[in-house]
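**Student:** A structural model of the following input is requested.
(one chain, ligands or ions: 1)
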Amino acid sequence: MARVTYIEPDGRAVTLEVATGHSVMSAAMEAGLEGIEAQCGGNMACATCHCYVQDPWLERLPPPGEDERLMLQNVAAERRDNSRLSCQLIVRPELEGLTVEFPERQS
Ligand code: FES
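**Tutor:** Here you go, the predicted model:
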């Protein structure tokens, strides 16, 4: 379990308790957050779960795999150095406090 804070495109912050092993994407979808679409349900086929990982969390996450790096080329909003696909970010206790920001659009 870890608390993850999501910043919606309108700047609103929402903090959720996310179970270990769940993805940052799945918790956001279950909570009905507006800044995410996740059209493919986590199968790395849509890039509509794009988020920006805030400091200092980016360095604490496993780096994106080749498939995620390729899919990040398809994000609708600006791709930044801290862009990740939230379906690939798996929560574990050490990520307590992780903060991600959703871009202004996903598709
Ligand atoms: Fe489709 Fe993440 S939910 S790529």
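
**Student:** May I have the secondary structure class of residue 81?
**Tutor:** Secondary structure for residue 81, judged by DSSP: H, G, I helix; E, B strand; the rest coil, is coil.

**Student:** Just give me the neighbour total for it.
**Tutor:** Residue 81 has 7 neighbours, counted by other CB atoms under 10 Å. (Each C-beta comes from the backbone N, C-alpha and C, glycine too.)

**Student:** Would you list the phi and psi of the nearest residue to it once chain neighbours are set aside?
**Tutor:** Excluding its sequence neighbours, the residue lying closest to residue 81 (CB to CB, 6 or more residues apart in numbering) is residue 58, at 8.0 Å. When read as degrees, to the nearest 10, the backbone of residue 58 gives phi -60, psi -40.

**Student:** Equivalent analysis for residue 2, please.
**Tutor:** phi -150, psi 150.

**Student:** Now do the contacts for the residue nearest the centre of the chain.
**Tutor:** Nearest to the mean C-alpha position of the chain, by CA atoms, centre = their mean, lies residue 86 at 2.6 Å. Residue 86 makes contact with 23, 24, 25, 28, 36, 38, 49, 50, 51, 100 under the criterion CB atoms under 8 Å, 6 or more residues apart in numbering.

**Student:** Same check on residue 8?
**Tutor:** 14, 33, 34, 35, 102.

**Student:** do residue 27 as well
**Tutor:** By CB under 8 Å, 6+ apart, the residues touching residue 27 are 4, 16, 18, 19, 91.

**Student:** could you redo the last one with a cut-off of 7 Å?
**Tutor:** Residue 27 makes contact with 4, 16, 18, according to CB atoms under 7 Å, 6 or more residues apart in numbering.
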